[in-house]
Each structure stands twice: as C-alpha cells, then as structure tokens.
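Asker: give me coordinates for this.
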Amino acid sequence: MADNTFWIAALTGGTAVVASWVTSRGNTRAARIQADTAVLAQRAERLRDTRRTAYLDLIEQAHAICELYWEVSAADRTGEARRRPEVLDELAERERDQYGKLRRCVRVVDLEGPAAAATAANALQKATGPFHRALRAMRAGDAEAADDFDRAYRPFWEALTEFVDAARTALHEV
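Answerer: Below you'll find the model as predicted:
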C-alpha cells in the first residue's frame with residue numbers, strides 16, 4: 001500500500017505542477033492580449049484627438065477667413081470700398097494672412113488624413129480662389145467684381161460642409 005501512496009502523491013504533484021504551468025501560460029497570454037488591446041485603444045484615441053484638433057483648426061480658420069470676406073462685402077455695400085486703395089489694400093493684405101493660416105491648416109489635415117478628409121480640405125482651400133480673384137478685380141476697379149465676390153459664398157460654404165462631413169466620417173472610423 002505504501003507503494004501506491006507514493007505513486008498517487010507523485011501523480012497528484014505532477015498534475016498540480018503541469019496545471020500551474022498551463023494556468024500561468026494562459027494568464028501570461030491573456031495579460032499580453034489585454035496590454036496589446038490597451039495599446040491599440042490608446043493609439044486610436046491619440047489619432048482621433050490629433051485629427052479632431054486638425055479638423056477643428058481648419059474649420060475655425062475657415063470661419064475666420066469668411067468673417068474677413070463679410071468685411072469686404074460690407075465695405076462694398078456701405079461705400080467704404082470707394083476709398084479704394086486704402087480699404088481694399090488693407091483687406092487684401094489681411095486676406096493673404098488669413099489664407100496662409102488656412103493653407104497651413106489644410107496641410108496639417110493632409111498629413112493627418114484620411115484621404116477623403118484631405119481631399120475635402122483641399123477643395124475648401126480652392127474655394128477661396130474666387131474670393132481672391134474678385135477682390136483683386138475690385139482693387140483694379142472692375143464694377144462687376146463685387147457681384148463675383150458675393151457669388152463665391154455658396155461654393156465656399158458647400159466646400160466647408162463637405163469637409164465637415166468628411167471629418168465626421170473620419171473621426172467615426174478611427
């Protein structure tokens with residue numbers, strides 16, 4: 001009987017060691033999977049945050065440049081633009097500065113991606129072209145330039161709306 005007791009104890013002890021080893025391996029693997037999942041979630045959240053910041057900066061700058069465009073329209077309606085060189089030159093200089101900031105924001109969106117948001121951002125940047133050309137024509141004394149300037153608002157707002165939609169989609173896909 002003593003012989004059986006030794007073998008039963010050895011078998012029980014061996015089983016316990018193997019079970020402990022298997023459990024340890026399982027726990028290690030589960031911890032690794034959990035850590036990898038946490039890293040991926042943090043990476044996705046950082047990407048979402050950087051994209052959100054880039055998108056909001058571009059939207060904010062688009063609104064800032066549009067406020068300047070409203071100043072140009074208001075100056076034309078109130079007759080201030082008739083003091084041609086000073087008012088229009090000052091507004092054109094401010095437009096150049098605002099456009100530079102907008103272009104920088106578009107480049108950041110281009111870097112952050114995805115492609116759909118970058119394409120919409122570039123379209124928004126291009127939608128400022130008619131304003132610029134009309135303001136240049138206003139400075140040159142073109143009588144129809146103010147109407148061209150006012151017609152540029154709708155395509156600009158449509159481009160901004162398309163960018164916001166692309167940005168929203170991009171943030172939900174991360």
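Asker: now do the phi/psi pair for Thr128.
Answerer: phi -80, psi -10 (degrees, to the nearest 10).
Asker: excluding covalently adjacent residues, which one is nearest to it?
Answerer: Tyr99 (6.1 Å; CB to CB, 6 or more residues apart in numbering). C-beta here means a position set from N, CA and C on the backbone, and glycine is covered the same way.
Asker: contacts only, for Lys145.
Answerer: Actually, residue 145 is Ala. It isn't Lys. Ala134, Leu135, Ala137, Met138 (CB atoms under 8 Å, 6 or more residues apart in numbering).
Asker: what's the farthest-apart pair in the residues you listed?
Answerer: Comparing every pair within the contacts of Ala145 by CB to CB identifies Leu135 and Ala137 as the most remote, at 7.3 Å.
Asker: more neighbours: which of these two?
Answerer: Using other CB atoms under 10 Å as the criterion, Leu135 and Ala137 rank with Leu135 on top: 25 against 16.
Asker: so how far is Asp76 from the more buried one?
Answerer: As judged by CB to CB, to the nearest Å, Leu135 and Asp76 stand 10 Å apart.
Asker: name the residues contacting each of these two.
Answerer: Counting by CB under 8 Å, 6+ apart, the shared contacts of Leu135 and Asp76 are Phe149.
Asker: low-confidence stretches in the protein?
Answerer: 1-2, 79-85 (pLDDT under 70).
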